[in-house]
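**Q** sequence first, then the predicted structure, then my questions.
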Amino acid sequence: MMESSSSSGIFLARAEAFLRLFSILVLVLAACLIGFDSQTKLIFSTIKKTATFRDLGALQVVVYVDCVAAGYNFRQLTRGFISSKLKGKLVNLPYVTVRWVCFPLDQESVYIVFAANTTALQGCMFALTGESSLQWIKVCNRFTRFCLQIGGALLASYLASFLMVVLSSLSAFSLFRLYSPKQFLLLKLT
């Protein structure tokens, strides 16, 4: 029974490392796609207008949030790697305490990334469709390539959010598997 628990722990650690690495790559990809995207058009044959992510405040927030979330996942990935090399003796804290710290941080990072993406998506929908009652024009009619790249970046960022949801579920499982199923918040005896 002990060997099965050990192999399941190794599988969970590898799955967590893979998900963290993949979410880091997707978050950095999304931040780079948004941050480096720009398109210049000639309007009225004399005025040049450049569309960048700085034109919509929500896109700036997505770039910053994606970078911070990638940094957090990188920090957690290195913590797991160093902890595995040091056989869990990284900090002088019990394993349960470390799990209780990681669990809410994983959930908060998912919520913040998802909220930033949804806010940017709403702003991008105004750029795509316009709003006649406010006399906002459709921006994506003029800056098509820019809008397509932003759409792809938001799709990548939503994929990262989904990966982080799975990661948060693994974090919850890693925490709550340490407790007894029969008594409330009683640690299992090992």
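**A** Thanks, I have it. Numbering: from 1, shown residues only.
**Q** quick one: the helices in this structure?
**A** 2-35, 57-85, 95-129, 144-176 (DSSP state H).
**Q** so who does Val28 touch?
**A** With CB atoms under 8 Å, 6 or more residues apart in numbering as the criterion, the residues that contact Val28 are Asp66, Cys67, Ala70. Where C-beta positions appear, they are placed from N, C-alpha and C, glycine not excepted.
**Q** hey, least reliable of the helices of the chain by pLDDT?
**A** For the helices of the chain, the bottom mean pLDDT is recorded on helix 2-35, which sits at a mean of 83.
**Q** now that helix, how far from the centre of its chain.
**A** Its chain's C-alpha centre lies 12 Å from the corresponding centre of helix 2-35 when counted by CA atoms, centre = their mean, to the nearest Å.
**Q** with stretch 150-162 instead?
**A** On the basis of CA atoms, centre = their mean, the separation between the geometric centre of stretch 150-162 and that of its chain is 9 Å.
**Q** which one of the contacts of Val28 is nearest to Thr118?
**A** Comparing those against Thr118 with CB to CB picks out Asp66 as the nearest, at 13.5 Å.
**Q** picking up where we left off before, can you pick the most crowded of the contacts of Val28?
**A** Neighbours here are counted as other CB atoms under 10 Å. On that basis the top member of the contacts of Val28 is Asp66, with 28 neighbours.
**Q** closest one of the contacts of Val28 to Leu42?
**A** Nearest to Leu42, judged by CB to CB, of these is Asp66 at 31.6 Å.
**Q** nearest residue to the closest one in space, please, no chain neighbours.
**A** Taking CB to CB, 6 or more residues apart in numbering, and ignoring the residues beside it in sequence, Asp66 has Ala31 as its nearest neighbour in space, at 4.1 Å.
**Q** contact partners for the one you found?
**A** Ala31 makes contacts with Val62, Val63, Asp66, Cys67, Ala70, Ala153, as judged by CB under 8 Å, 6+ apart.
**Q** which residues touch the nearest residue to Phe114 once chain neighbours are set aside?
**A** In space, Phe114 comes closest to Ser161 once its chain neighbours are excluded; the distance is 4.6 Å by CB to CB, 6+ apart. Residues touching Ser161, when contacts are defined by CB under 8 Å, 6+ apart, comprise Val110, Val113, Phe114, Asn117.
**Q** report how many residues lie close to the third one.
**A** Same thing as Phe114. Taking other CB under 10 Å as the definition, Phe114 ends up with a neighbour count of 18.
**Q** and what of the second one?
**A** Close neighbours of Val113, defined as other CB under 10 Å, add up to 26.
**Q** does it touch Ala69 like I think?
**A** Yes - with contact taken as CB atoms under 8 Å, Val113 and Ala69 are classed as touching, separated by 5.0 Å.
**Q** for these two, list the residues in contact with both.
**A** Leu27, Ala160, Met164.
**Q** from Ala153, how far out is the first one?
**A** Spelled out, that is Leu27. 11 Å (CB to CB, to the nearest Å).
**Q** cool, the second one as well?
**A** As judged by CB to CB, Ala160 and Ala153 stand 10 Å apart.
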